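J.: everything below, folded, please.
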Amino acid sequence: MKNLTSYPMVVARIKELIVIMHQYNNSYFNYNKNEVSDFEYDKLFEELKFLENKYNIIYANSPTQNVGCEVKSDL
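T.: Predicted structure coming up:
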């Protein structure tokens, strides 16, 4: 976990984690590609959840608030 010393840094890290995790989810669910190990993904998820709970900052598009991701295929 990064050393976050200010509120703006916390907000930036939360937003960064959300973007990263959305990219990983999109690759996994829409392209059947694992860009990161399950262990590494879980570490990112736990960091995000910890920061959200500690600083009471939860965005609606956070992976902690959703399951899976938008499917883009025409199945």
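
J.: measure residue 58 to residue 36 for me?
T.: Between residue 58 and residue 36 the distance, using C-beta to C-beta, to the nearest Å, works out to 23 Å. The C-beta positions use only the backbone N, C-alpha and C, and glycine is treated the same way.

J.: now whatever helix or strand residue 13 lives in: average pLDDT?
T.: Here residue 13 sits within helix 7-31, counting by DSSP states H and E. Helix 7-31 shows a mean pLDDT of 94.

J.: which positions within that helix qualify as buried?
T.: Of the residues in helix 7-31, 10, 13-14, 17-18, 20-22, 24-26, 28 count as buried by neighbour count, 16 or more other C-beta atoms under 10 Å.

J.: that helix - contacts with which helices or strands?
T.: If contacts are counted by 3 or more C-beta pairs under 8 Å, 6 or more residues apart in numbering; DSSP states H and E, helix 7-31 sits against helix 38-55.

J.: could I get the CA-only coordinates of the helix it packs on as PDB?
T.: Output of helix 38-55 as PDB, limited to C-alpha atoms (Å, rounded to 0.1, in the frame of the first residue of the first chain):
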ATOM      1  CA  ASP A  38      -5.900 -13.400  -8.500                       C
ATOM      2  CA  PHE A  39      -3.600 -12.700  -5.500                       C
ATOM      3  CA  GLU A  40      -2.600  -9.300  -6.900                       C
ATOM      4  CA  TYR A  41      -6.200  -8.400  -7.800                       C
ATOM      5  CA  ASP A  42      -7.300  -9.300  -4.300                       C
ATOM      6  CA  LYS A  43      -4.500  -7.100  -2.800                       C
ATOM      7  CA  LEU A  44      -5.700  -4.200  -4.900                       C
ATOM      8  CA  PHE A  45      -9.400  -4.900  -3.900                       C
ATOM      9  CA  GLU A  46      -8.500  -5.000  -0.200                       C
ATOM     10  CA  GLU A  47      -6.500  -1.800  -0.400                       C
ATOM     11  CA  LEU A  48      -9.400  -0.100  -2.100                       C
ATOM     12  CA  LYS A  49     -11.900  -1.400   0.500                       C
ATOM     13  CA  PHE A  50      -9.600  -0.400   3.300                       C
ATOM     14  CA  LEU A  51      -9.200   3.200   2.000                       C
ATOM     15  CA  GLU A  52     -13.000   3.500   1.300                       C
ATOM     16  CA  ASN A  53     -13.800   2.400   4.900                       C
ATOM     17  CA  LYS A  54     -11.100   4.400   6.600                       C
ATOM     18  CA  TYR A  55     -11.800   7.700   4.800                       C
END
